[in-house]
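Chemist: can you look at this prediction? I've put the sequence above it.
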Amino acid sequence: MQGVPTSWDPVIVSMKLSDDVHHTVWSPCSQFIALECYHPTIGVQLLDATTLGRINWLPPQGSESKCLTFSAKSHFLGQLSSGYEEFISWDLQTGAPTNPISVNQKPSYGWGLSVLEEVAERQKGPMSITYSICGTMLGVLYESRGTTTIITYNILSGTKLYSYTVYNLSLHEVWTHGEHLQFATLDKGTITIWEAGFTSSYPAKVLESLPAPSNFDLSKEFLFLPTLSRLAFILGNTVLVWDAQHSKLLLDDKDIKKPRGMTFSSDGHFFACASVGPEIYLWKDSPTGYHLHQKLISHAREHSAPCNPCLSPDGKSLLASIGSILQLWHTADSNISPSVYKQNNEPFLLGFSPDESLAATAQLGDSMAMVLNLKSGVPRLIIDTGMKIYGLRPAGSSVVVVCDGKIITWNLPTQDSFPTTRANINNSVQTIMFDNLLVPQLRLKPFASISPDFNYICIAGVAVEPLIGLKIYDGSSGKCLASAGSPVIEPHFSPDGDKVWCYTVSDELEGWAIVKDNNFGPPKLDHITGQQPEGYPWVPPHGHRILDDGWLVDSGRKRLLWMPPHWRSTKRSRKWSRQFLTFLHHELSEPIILELPTK
């Protein structure tokens, strides 16, 4: 909203590698990314987290790594080979490795196991590895047959220091906290946080016990965030985040298709999960739980490989690998309230105030609406109507919303506020009922449009019986003034409010002129033929255009910015006004309003 960005695409960097990605891991300082491909001869690459440029290269160790991990201060990179369960620590300043440490622990508690079972236990190997703060010691977590074992090592000498055994299932995570290490176990619906030392001078002890969600299953995909004791897990197509400290759900999203690959930022401010497509859903934390912040769609969406997202520790960037494609996004955090929209595969609605200082938006058929200050970019008011919304438009000090059979008006706050002011039906100042509504007969959701002078409201839709697809109502009384029999959708008034244009089911435009009766009778609708519509939302102002290759250009064909492919899939998702270009595509997490340069 504050000028044209240099790049409209949220992807900062996209690159194709020579082989599919096996591992990606962020450094705790969020400045570096360690990457390894499946091909064992490529080795590990250390990348710059801003440009994805290669800073260093670690030679291959004979087979791909089972895991990569950075030390707490990002000075060392640990590499665990999958073939021999040997751990090597690389000094990232000198590039020198330590001597390999054998961490393939043969479980001493494995009596009674067959030879094949014992081999399987050894092949499972460590579940999690963490460095001490000083970077000279290592904590390794093993889990087998309901028993959790932590073994610590001295990296420089390669010797074993101490071991701890707990007879509970672990949450597959060991981490460093201060001078000690911590881990979590699950037993009878209780999450227990343990703390232990890297040496025998600090034996393992219980720090706290927290309740686990009743539907949590260790056999499903899950992720534990130690810093906030948050547990994310997947049940079918549902993604859940459980706050163990306060015993409540922060996220319960049932609309993700085949979710996988969950990731938290270190402070829990962001949480992301991938789905088929591949699409990445990014949620942002708030006092009421996680709200959808962005829906990212990869350029490699046709790739058959699964998407593996990874948030940076500081939460400012998200890395995703899809096969051999590596992409980096900004999370675009701001002080704006979390998105209020639900993804229901319906287009977004938008109405400008007459002076284009405000915009009101909602998703067709949803109950939530937002009024946005276009000068500050901050929401002025968020409304939970409790009814399905079919159209809306702000005035100078109010907003008019067309809901199920009603025209409802809310007054706007006199200025922006943070957090954003919220309202519901009890805060409305006026409700007008339609006298002859088309909605019950429709087989598609109706669209409503409000004229710039608020005198008329047009509702359009495809009806079954009778075949009446468009009606004009009086904005002050709700009385039906005129109707037309064409099955049409998406009505839009001309700038002068005397014409209304709609899309037909064959994606063509039809128009009607609103002809007033000189004897003060109700107006009539005259079908317009042989005339092209003018103004909002089809005609770009000041000579702007979007070319076939996705570039927005001005009247002199100067390239201003580039549109991602999925945004230019349909021209009907673009709306032009005097000052703005708006994208209302249902695949976006919210409407995008772009201010156009006028010079």
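Modeler: The structure has been received and is ready for your questions.
Chemist: the stretch 51-200 of the chain: strands as residue ranges?
Modeler: 54-58, 65-70, 76-81, 86-91, 101-102, 128-131, 137-144, 147-154, 160-166, 169-177, 180-187, 190-196 (DSSP state E, counting those that start in this stretch).
Chemist: can you add mean pLDDT and give these back as CSV?
Modeler: Below are the strands of the stretch 51-200 of the chain laid out as CSV (pLDDT from 0 to 100):
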stretch, mean pLDDT
strand 54-58, 85
strand 65-70, 82
strand 76-81, 85
strand 86-91, 86
strand 101-102, 82
strand 128-131, 90
strand 137-144, 85
strand 147-154, 87
strand 160-166, 88
strand 169-177, 88
strand 180-187, 90
strand 190-196, 92
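Chemist: would TSV of those with distance to Asp526 and mean neighbour count be doable?
Modeler: All C-beta atoms are positioned from the backbone trio N, CA, C, and that covers glycine. Output for the strands of the stretch 51-200 of the chain, formatted as TSV (distance: least, C-beta to C-beta, whole Å; neighbours: other C-beta atoms under 10 Å):
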stretch	distance to Asp526	mean neighbour count
strand 54-58	67	14
strand 65-70	70	21
strand 76-81	74	22
strand 86-91	78	20
strand 101-102	85	17
strand 128-131	73	22
strand 137-144	76	23
strand 147-154	79	20
strand 160-166	81	17
strand 169-177	70	19
strand 180-187	72	21
strand 190-196	70	19
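Chemist: what would those look like in TSV with distance to Pro226?
Modeler: Listed next are those as TSV, based on distance: least, C-beta to C-beta, whole Å:
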stretch	distance to Pro226
strand 54-58	27
strand 65-70	14
strand 76-81	18
strand 86-91	21
strand 101-102	24
strand 128-131	10
strand 137-144	12
strand 147-154	14
strand 160-166	16
strand 169-177	5
strand 180-187	7
strand 190-196	8
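Chemist: ok, which of those strands comes nearest Ala395?
Modeler: Taking C-beta to C-beta, strand 190-196 is the member of the strands of the stretch 51-200 of the chain nearest to Ala395, at 52.3 Å.
Chemist: buried stuff in whatever helix or strand comes next after the closest one?
Modeler: Moving toward the C-terminus from strand 190-196, the next helix or strand (DSSP states H and E) is strand 205-211. For strand 205-211, burial by neighbour count (16 or more other C-beta atoms under 10 Å) applies to Leu210.
Chemist: now the end-to-end length of stretch 313-331.
Modeler: Terminal residues of stretch 313-331 are spaced 12 Å apart (C-alpha to C-alpha, to the nearest Å).
Chemist: residues in contact with stretch 188-204?
Modeler: With contact meaning C-beta atoms under 8 Å, 6 or more residues apart in numbering, stretch 188-204 is reached by 132, 137, 139, 150, 152, 161-162, 164, 166, 168, 171, 177, 179-186, 205-212, 214, 229, 231, 244.
Chemist: let me see the domain layout of the chain.
Modeler: 215-333, 348-539, 540-599 (automatic domain parsing).
Chemist: chain center to the first one: distance?
Modeler: It refers to domain 215-333. Relative to its parent chain, domain 215-333 has a centroid offset of 8 Å by C-alpha atoms, centre = their mean, to the nearest Å.
Chemist: output the below-cut-off pLDDT ranges for the stretch 301-450 of the chain.
Modeler: Across the stretch 301-450 of the chain, the ranges flagged by pLDDT under 70 are 301-305, 332-344, 417-419, 436-444.
Chemist: tell me the mean pLDDT for whichever helix or strand Thr582 is part of?
Modeler: Assigned by DSSP H and E, Thr582 falls within strand 580-583. Mean pLDDT, computed over strand 580-583, is 90.
Chemist: is it true that Ile129 touches Ser89?
Modeler: No: taking C-beta atoms under 8 Å as the definition, Ile129 is not a contact partner of Ser89, at 10.2 Å.
Chemist: overlap in contacts, those two.
Modeler: Joint contacts of Ile129 and Ser89 (C-beta under 8 Å, 6+ apart) are Gly78, Leu138.
Chemist: how far away is the closest residue to Lys258 other than its chain neighbours from Asn237?
Modeler: For Lys258, ignoring the flanking residues on the chain, the nearest one in space by C-beta to C-beta, 6 or more residues apart in numbering is Val276 at 4.6 Å. From Val276 across to Asn237, the span is 10 Å (C-beta to C-beta, to the nearest Å).
Chemist: again, but for Glu510
Modeler: From Glu510 to Asn237 the distance is 40 Å (C-beta to C-beta).
Chemist: name the residue in these two with the higher neighbour count.
Modeler: More crowded of Glu510 and Asn237, by other C-beta atoms under 10 Å: Glu510, with 20 against 13.
Chemist: what about the residue of the chain most remote from its centre, distance to Lys16?
Modeler: Within the chain, Asn519 marks the point farthest from the mean C-alpha position, 55.9 Å out by C-alpha atoms, centre = their mean. Plainly put, Asn519 is 71 Å away from Lys16 if you go by C-beta to C-beta.
Chemist: ok, Cys310 next?
Modeler: Using C-beta to C-beta, Cys310 is found at 18 Å from Lys16.
Chemist: which of those two has more neighbours?
Modeler: Set Cys310 next to Lys16 and count neighbours by other C-beta under 10 Å: Cys310 wins out with 17 against 9.
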